[in-house]
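K.L.:
Provided below are the primary sequence and the corresponding predicted coordinates.
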Amino acid sequence: MVQLKKEFCDNSVIIENKPVRLFNPTPTALPMAKATKKNYKGNIVIVDDNPNNLRLLASLLNKSGYKVRPVSTGKLALSTTKLNPPDLILLDINMPEMDGYEVCQALKNDVLTSDIPVIFISALNESFSRIKGFEVGGVDYITKPFEFQEVLVRVSTHIQLYQFQRKLQEVNSLQSQELIEKNQQLQEKNYELENLNQILNTKIAELQHAQLQLVQAEKMSVLGQLVAGIAHEINNPLGFLQGNLEHGQEYLNSLKEHFSLYKNELKNPSSEISAHAEDIEIDYLLEDFPKLFKSLNRGVDRLQQISESLRIFSRKDSTAKIPFDIHQGINSTLIILKHRLKDRGDSPEIQVIQEYGNIPEVKCFPGQLNQVFMNILANAIDALEETESQEQKQIAIATEIVENLEMEAEKAVQIRIRDNGAGIPDDIQKSVFEFLFTTKEVGKGTGLGLALSKQIIEEKHGGKISFRSEIGEGTEFIISLPLTVEERELQPQTENRSIS
Ligand SMILES: Nc1ncnc2c1ncn2[C@@H]1O[C@H](COP(=O)(O)OP(=O)(O)OP(=O)(O)O)[C@@H](O)[C@H]1O
Ligand SMILES: [Mg+2]
């Protein structure tokens, strides 16, 4: 080793197979040119404690087009490479203070210099020295004395590799920067889309809401006008009937009295009068007369009740809530639905059970509440018409005051409408209040009834509407309307009343 080093220190290197004296380091045989801007091939730091070696290598490389910085100690090498990182470092191993391995390790430990390729140039030729050189991060190992052409080839290869690597890194970092930017743009677009989606969803919900209100207003006005019109039309003839019935009864009573006077005075009527009396069954006629009038009066009363119910059902809501007898609302709705409750041949009679509790009048929009009763009762009738069960079909309506657990008011009026129809299947239970959800055939259901009812109860009245249902058992809708303190203090105004 010492010998080799010595050999090198003998100031001779081999250039193109010829030993060249170091103190005459201009190898005339080599076509060399000083590194100029034009032929600049790279920037090299040469580290060697031997000034002769340093000078020779520096001059050779410089003439081959490299910019060279010769340094004589490891410490100087570290500071100069950090300050201005070269493209390659040619590093001697045997140096005082800090040997080449340590310098290489220090270079590799610093992010600023870790990528710079290091070629060891050493007289140490044992394989463990080479291996150690590679272990500490060297990319190549040249033994002294060296062939300068070989040094040139290795230097140029590693510099090109390093420059190529750096370009690749630059491209990579440029691409990843672009990717990051694109990703950021995508995220922003995504965020914008999400926002738009949210706005769209809100708008759709608002639209559906508005649509429901329109439908409700439309339904109310069409149905209300129709029913109010019928009620009005019935009222006039009803008035004639009622007034004339009273007079008719009076007239007939008078005629009856007058007839009995005749009968008393005319003891032996002619055969013609007797035959006519027999023909018209005068005794039965006189006896049946009052009954006939009673029945006529009952009919008129019933008509009056219907007309009143129509009026209650079709009442136009004002902008403010007004106290309303809930039972009256339910009863008037039942009267309007009466034709669907009767035995109609193909569908048997539906029995209505009214379990009305003592509840006060509730401040509400009566027309809208009636519409809710109508929707729920009509659904119950639909469900009962569809059921195959042989059981007596029933709708039970119960009302009572309950402790209010879910709403702000402490108490609420609860209205429960239960049918023993087919029930609502589990998989559609979550959808029944949805806008346009229906299981009924086209023309029979629009899927608005319950959506409207929910809006009326929960948004317009601050109440709650829910249901429980079991297949084969039936369905119960539960409506709760909060009671104000004044309402709670009101005496219950309604009593049980059943429709006939
Ligand atoms: N009492 C009930 N028993 C069984 N199913 C019911 C009952 N009430 C509601 N449903 C189910 O809920 C669905 C939605 O009811 P909703 O009243 O909103 O619409 P609809 O009755 O189908 O149509 P419409 O707009 O004419 O009322 C019904 O189609 C039906 O499937
Ligand atoms: Mg319905």
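P.N.:
Great, that's in hand. Ligands and ions are numbered 1, 2, ... in the order given.
K.L.:
For the residue in the stretch 51-200 of the chain that ligand 1 sits nearest to, give me the pLDDT.
P.N.:
Proximity to ligand 1, evaluated over the stretch 51-200 of the chain using CB to the nearest ligand atom, is greatest for Leu200 at 24.7 Å. C-beta: built from backbone N, CA, C; applies to glycine. Looking at Leu200, its pLDDT reads 92.
K.L.:
How about the contacts made by it?
P.N.:
Listed by CB atoms under 8 Å, 6 or more residues apart in numbering, Leu200 has no contact partners.
K.L.:
Just say helix, strand or coil for it.
P.N.:
Assigned with DSSP: H, G, I helix; E, B strand; the rest coil, Leu200 falls in the helix class.
K.L.:
so how far is ligand 2 from Glu233?
P.N.:
28 Å (CB to the ion, to the nearest Å).
K.L.:
Got the phi and psi for that residue?
P.N.:
Glu233 adopts backbone torsions of phi -60, psi -40, taken as degrees, to the nearest 10.
K.L.:
Burial check on it, number of neighbours?
P.N.:
12 (other CB atoms under 10 Å).
K.L.:
didn't Ser453 look like it was pressed against Ala378?
P.N.:
No. Look at Ser453 against Ala378 with CB atoms under 8 Å: they stay out of range, at 10.8 Å.
K.L.:
Settle it for me: which of these two has more neighbours?
P.N.:
Set Ser453 next to Ala378 and count neighbours by other CB under 10 Å: Ser453 wins out with 24 against 16.
K.L.:
Excluding sequence neighbours, find me the nearest residue to the more buried one.
P.N.:
Val372 (4.4 Å; CB to CB, 6 or more residues apart in numbering).
K.L.:
So for whichever helix or strand that neighbour is part of, mean pLDDT?
P.N.:
Element membership for Val372, per DSSP states H and E: helix 366-386. For helix 366-386, mean pLDDT is 93.
K.L.:
next helix or strand past it?
P.N.:
With elements assigned by DSSP H and E, the helix or strand that comes after helix 366-386 is strand 394-403.
K.L.:
just the angle between whatever helix or strand comes next after that following strand and helix 366-386, please?
P.N.:
As assigned by DSSP H and E, the chain's next helix or strand after strand 394-403 is strand 411-419. Relative orientation of strand 411-419 and helix 366-386, computed by axes from the mean of the first three to the mean of the last three CA atoms, to 10 degrees: 30 degrees.
K.L.:
so strand 411-419 versus strand 394-403, what angle?
P.N.:
When the same axes, to 10 degrees is applied, the directions of strand 411-419 and strand 394-403 differ by 170 degrees.
K.L.:
shift numbering so it begins at 660
P.N.:
Understood, numbering begins at 660; the last thing we discussed is strand 1070-1078.
K.L.:
SS state for Gly796?
P.N.:
Gly796 ends up coil, using three-state DSSP.
K.L.:
Need the pLDDT of it.
P.N.:
pLDDT recorded at Gly796 is 95.
K.L.:
Quickly find the element holding the residue nearest to Ala936 when sequence neighbours are not counted.
P.N.:
Counting by CB to CB, 6+ apart, Ala936 lies nearest to Pro928, which is 7.7 Å off, once chain neighbours are set aside. Of the helices and strands defined by DSSP H and E, none includes Pro928.
K.L.:
Pro928: how many residues sit nearby?
P.N.:
By other CB under 10 Å, 13 other residues sit near Pro928.
K.L.:
Leu737 too?
P.N.:
Neighbour count of Leu737, defined by other CB under 10 Å: 20.
K.L.:
That one - that's part of a helix, no?
P.N.:
Yes. Under three-state DSSP, Leu737 sits within a helix.
K.L.:
Now do the contacts for it.
P.N.:
Contacts of Leu737 by CB under 8 Å, 6+ apart are Val762, Ala765, Leu766, Asp769, Thr772.
K.L.:
out of those, which are buried?
P.N.:
Val762, Ala765, Leu766, Thr772 (16 or more other CB atoms under 10 Å).
K.L.:
where does the residue lying closest to the third one once chain neighbours are set aside land in three-state SS?
P.N.:
Excluding the flanking residues, the one nearest Leu766 by CB to CB, 6+ apart is Thr772, at 4.5 Å. Applying three-state DSSP to Thr772 yields a three-state assignment of coil.
K.L.:
after the strand or helix carrying Ala936 comes which helix or strand?
P.N.:
According to DSSP H and E, Ala936 maps onto helix 930-938. Going down the chain from helix 930-938, the next helix or strand is helix 941-972, by DSSP H and E.
K.L.:
Of all the residues in that following helix, which ones are buried?
P.N.:
Within helix 941-972, the residues that qualify as buried are Phe952, Leu962, Gln963, Ile965, Ser966, Glu967, Ser968, Leu969, Arg970, Ile971, Phe972, counting by 16+ other CB under 10 Å.
K.L.:
so, if you compare those residues, which one comes nearest to Leu852?
P.N.:
Phe972 (48.7 Å; CB to CB).
K.L.:
Compute the number of surrounding residues for the closest residue to that closest one other than its chain neighbours.
P.N.:
Distances taken as CB to CB, 6+ apart place Ser991 nearest to Phe972, at 4.4 Å, with adjacent residues excluded. Applying other CB under 10 Å, we find 26 residues neighbouring Ser991.
K.L.:
what does His868 give?
P.N.:
When neighbours are counted by other CB under 10 Å, His868 comes out with 14.
K.L.:
gap between the helix or strand that it is a member of and the chain center?
P.N.:
Using DSSP H and E, His868 falls within helix 807-924. Taking the mean of its C-alpha atoms, helix 807-924 sits 14 Å from the chain's own mean (CA atoms, centre = their mean, to the nearest Å).
K.L.:
Tell me which two in the contacts of Leu737 are the farthest apart.
P.N.:
Val762 and Asp769 (11.1 Å).
K.L.:
Was I right to think Pro982 contacts Pro1025?
P.N.:
No. Using CB under 8 Å, Pro982 makes no contact with Pro1025, being 9.2 Å away.
K.L.:
Perfect, that will be all.
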